[in-house]
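Chemist: what would the 3D arrangement of this be:
(chains A, B and C)
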Amino acid sequence: MSGSFLLLIYINMNIINISTTKRVDLVNITSQVQKVVSESSVNEGIVTVFVPHTTCGITINEGADPDVVRDIRYQLEKLIPYQQGYKHMEGNSDSHIKTCIVGSSENIIIKDGQLVLGTWQSIFLCDFDGSRNRKVYIKIIG
Amino acid sequence: MSGSFLLLIYINMNIINISTTKRVDLVNITSQVQKVVSESSVNEGIVTVFVPHTTCGITINEGADPDVVRDIRYQLEKLIPYQQGYKHMEGNSDSHIKTCIVGSSENIIIKDGQLVLGTWQSIFLCDFDGSRNRKVYIKIIG
Amino acid sequence: MSGSFLLLIYINMNIINISTTKRVDLVNITSQVQKVVSESSVNEGIVTVFVPHTTCGITINEGADPDVVRDIRYQLEKLIPYQQGYKHMEGNSDSHIKTCIVGSSENIIIKDGQLVLGTWQSIFLCDFDGSRNRKVYIKIIG
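Modeler: Now for the predicted structure:
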């Protein structure tokens, strides 16, 4: 093999708690994820960011201009309206469908102990059925 | 590094076979994935669940009320109808587009030998061009 | 544990550079990703393919008939039009929303030194705000 090699694997799973404040709420959790990575002392690897909820997703997108998040919420609502011909009795089918489309997790590369994100990228918890207290599971492989 | 460490990596890839019974069919495969994890004896890590098909995806969503799956199918069909102005000669462009949106894989954390899923979460194979015999590849990193 | 085990981990992260030529352009990057995997000499593991841009995604879909890619572009444009009621000043909100839906990364299993893809599967960089020079980060765990 070329390149360098590492012999140890970090086995902890960390949990971060997020309180959302709107029915559809995208919360920037980048600094909390970076904190977990920094505290693990893992330098090279990947981190899986996973939500254990069925009406909540994880996405990576622009964190600088809040209008980007506003436009994502606007268009998802247009594509998957809150109410319309769903059967699920709890009345939050739109939240489940949005979760299916956005996805329950993201993987981010770790290099030199830092999340490798582009200049404009942030990691967002997307609550589609808030406001609630939500959990995010963080698993580092490295 | 803080935390505990593991020295061994499991290198097998496992395949599970699923028969779908409808053109758009979401099949709960959680117990099959857990079985592969249990048989690996890996306690801590992640598992990648990947479909090697271009008209089939993997999603994580509610497995308790079948109306959630029904509503996901309903809304995906509304957004990406079976037939309408597509060029691809095989007539299943909607299946390819649904796959692109839902995604070909999911990663789930393993802790104490168990998939770490929320109370309501199940893993689904989503066939968008069934009925067919489909394969799911399972790769454990841990 | 059953199965076989490996003791070494590859720690490099590789970057590939892609020039896109249309505003919405899906570029097949499978051979470049395979080249990175081959050069790593890693036989068993996973590879994370990640774009560090907020208007660019990664998807896996059919690479044989170009009409599939054409139909994916067509339908994404229909669902998330270029211009319509967005607030973000840069005028590329559709690109951010498409990225949110398609996702910023994919994971592919490595077996015997090869990407484990289905017969019809290729890996695509999806530029939703081209033409541009784009980067793709490749991280092998194995």
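Chemist: near the nearest residue to A:R132 once chain neighbours are set aside, how many other residues are there?
Modeler: Distance criterion C-beta to C-beta, 6 or more residues apart in numbering or on different chains; nearest residue to A:R132, sequence neighbours excluded, is A:T20 at 5.7 Å. In short, each C-beta sits where N, CA and C put it, glycine included. Other residues near A:T20 come to 20 when the count uses other C-beta atoms under 10 Å in any protein chain shown.
Chemist: my read is that A:T20 contacts A:V27, right?
Modeler: Yes: checked against C-beta atoms under 8 Å, the pair A:T20 and A:V27 is within contact range at 6.0 Å.
Chemist: quick check: neighbours shared by the two?
Modeler: By C-beta atoms under 8 Å, 6 or more residues apart in numbering or on different chains, A:T20 and A:V27 have these common neighbours: A:125, A:127.
Chemist: neighbours of A:I72, just the number please.
Modeler: 26.
Chemist: which residues sit against the host helix or strand of it?
Modeler: For A:I72, the element it lies in under DSSP states H and E is helix A:66-79. For helix A:66-79, contacts defined as C-beta under 8 Å, 6+ apart pick out A:24, A:26, A:59, A:61-62, A:98, A:101-102, A:124, A:128, B:79, C:54, C:79-80, C:85-89, C:93, C:96-97, C:100.
Chemist: hmm, the next helix or strand after that helix in reach of chain C?
Modeler: Using DSSP H and E, the helix or strand that follows helix A:66-79 in sequence is helix A:93-102. Yes: judged by C-beta under 8 Å from any C-beta of the partner chain, helix A:93-102 comes into contact with chain C at A:101-102.
Chemist: helices or strands next to helix A:93-102 in the packing?
Modeler: strand A:56-62, helix A:66-79, strand A:121-127, strand B:56-62, helix B:66-79, helix B:93-102, helix C:93-102 (3 or more C-beta pairs under 8 Å, 6 or more residues apart in numbering or on different chains; DSSP states H and E).
Chemist: out of these, which gets nearest to A:E106?
Modeler: For A:E106, the closest of these is strand A:56-62, at 4.8 Å, according to C-beta to C-beta.
Chemist: next one: the closest one to chain centre, how far?
Modeler: In this view, strand A:56-62 has its centroid 5 Å away from the chain centroid, taken as C-alpha atoms, centre = their mean, to the nearest Å.
Chemist: same deal with stretch A:68-79?
Modeler: 17 Å.
Chemist: let me see the contact set for A:V42.
Modeler: By C-beta under 8 Å, 6+ apart, the contact set of A:V42 is A:10, A:110, A:113, A:140, A:142, B:1.
Chemist: what number of residues lie near the closest residue to chain C within chain A?
Modeler: Of the residues in chain A, the one nearest chain C is A:G118, at a distance of 3.1 Å by C-beta to the nearest C-beta. Applying other C-beta under 10 Å, we find 17 residues neighbouring A:G118.
Chemist: can I assume it sits in a strand?
Modeler: No: counting by DSSP: H, G, I helix; E, B strand; the rest coil, A:G118 is not part of a strand but coil.
Chemist: show the contacting residues for it.
Modeler: C:51-54.
Chemist: ok now stretch A:57-75, how far from the chain's centre?
Modeler: 12 Å.
Chemist: what comes up buried for it?
Modeler: Of the residues in stretch A:57-75, A:57-63, A:65, A:67-69, A:71-75 count as buried by neighbour count, 16 or more other C-beta atoms under 10 Å in any protein chain shown.
Chemist: export that stretch as PDB, just CAs?
Modeler: What follows is stretch A:57-75 as a C-alpha-only set of coordinates in PDB (Å, rounded to 0.1, in the frame of the first residue of the first chain):
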ATOM      1  CA  GLY A  57     -33.100  14.800   8.300                       C
ATOM      2  CA  ILE A  58     -29.500  15.900   8.000                       C
ATOM      3  CA  THR A  59     -28.300  18.000   5.100                       C
ATOM      4  CA  ILE A  60     -25.200  20.000   4.100                       C
ATOM      5  CA  ASN A  61     -25.800  23.400   2.500                       C
ATOM      6  CA  GLU A  62     -25.000  27.100   2.700                       C
ATOM      7  CA  GLY A  63     -24.800  28.500   6.200                       C
ATOM      8  CA  ALA A  64     -23.900  32.100   5.300                       C
ATOM      9  CA  ASP A  65     -27.000  33.600   3.900                       C
ATOM     10  CA  PRO A  66     -30.200  32.600   5.800                       C
ATOM     11  CA  ASP A  67     -32.200  33.100   2.700                       C
ATOM     12  CA  VAL A  68     -30.800  29.900   1.300                       C
ATOM     13  CA  VAL A  69     -32.300  27.900   4.200                       C
ATOM     14  CA  ARG A  70     -35.500  30.000   3.800                       C
ATOM     15  CA  ASP A  71     -35.700  29.000   0.100                       C
ATOM     16  CA  ILE A  72     -35.000  25.300   0.800                       C
ATOM     17  CA  ARG A  73     -37.900  25.300   3.300                       C
ATOM     18  CA  TYR A  74     -40.100  27.200   0.800                       C
ATOM     19  CA  GLN A  75     -39.600  24.800  -2.000                       C
END
